[in-house]
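Asks: Predicted model and sequence follow; I will ask about them next.
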Amino acid sequence: MSSYYLEDFKPGQLFTSSGRTITEADLTMFSMISGDWNPIHADAEFARGTRYGQRLVHGTLGIAICTGMLHQIGIFEKSVIAMLGLREWNFKKPILVGDTVHLQLEILSVEPGKSGRSGKLGRRFRLFNQHGEVTQEGDSDVLVLTHEGARQQEAEQAKGGAA
């Protein structure tokens, strides 16, 4: 899929990634990177006594997987400038080792910027498991180039590269 620019988006558009199975390695690596060794993530015996009967994947790993799946969808490869934040993120169901998840991205709003080079997209992320259940959802705005902004950026880069 090719990059989309601000003018290509409309409220209500949906984009869906393919699936990804969560592995033991994902859980362990995220514990190592984050430093979060809470027993609900790291201790199988402890987790066996909880309401889920097994270790849970870190909620924040779910957020990271969502943002990573955007690259797999491909619509922001050349157009994204910056993520502006996350808000109202909800952990609805646990993510477990062995679950296969996929992202559904919904465009909520499209707001042109004053410069004409970029604008803001309102987006809703929904991470589904293999049972079709939403495990996590939340909103994230992003700053995106317009087609004109992309042309101007390419011209500036070409001019800088010629020197």
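Replies: Received the coordinates, thanks.
Asks: how many other residues sit next to the closest residue to His71 other than its chain neighbours?
Replies: Take His71 and drop its neighbours on the chain: the residue closest to it by Cβ to Cβ, 6 or more residues apart in numbering is Glu77, 7.2 Å away. No exception for glycine: its C-beta is placed from N, CA and C like everyone else's. Using other Cβ atoms under 10 Å, Glu77 has 13 other residues around it.
Asks: Would you map the strands across this structure?
Replies: 14-16, 20-21, 80-91, 100-112, 118-128, 134-145 (DSSP state E).
Asks: what sits against the spatially most central residue of the chain?
Replies: Nearest to the mean C-alpha position of the chain, counting by Cα atoms, centre = their mean, stands Thr67 at 2.1 Å. Counting by Cβ atoms under 8 Å, 6 or more residues apart in numbering, Thr67 touches Met83.
Asks: give me the low-pLDDT residue ranges for the protein?
Replies: 1, 161-163 (pLDDT under 70).
Asks: His147 against Tyr4, yeah?
Replies: No - counting by Cβ atoms under 8 Å, Tyr4 is not a contact partner of His147; they are 10.0 Å apart.
Asks: Overlap of the contact sets of these two?
Replies: Common contact partners of His147 and Tyr4 (Cβ under 8 Å, 6+ apart): none.
Asks: Looking only at neighbour counts, state which of these two leads.
Replies: More neighbours surround Tyr4 than the other of His147 and Tyr4, with 23 against 14 (other Cβ under 10 Å).
Asks: Leu143: what's it in contact with?
Replies: Leu143 sits next to 80-84, 113, 118-120 when contact means Cβ under 8 Å, 6+ apart.
Asks: Count the residues that sit near the closest residue to it other than its chain neighbours.
Replies: Of all residues not flanking Leu143 in the chain, Ile81 sits nearest, at 4.1 Å (Cβ to Cβ, 6+ apart). A total of 17 residues lie near Ile81 under the criterion other Cβ under 10 Å.
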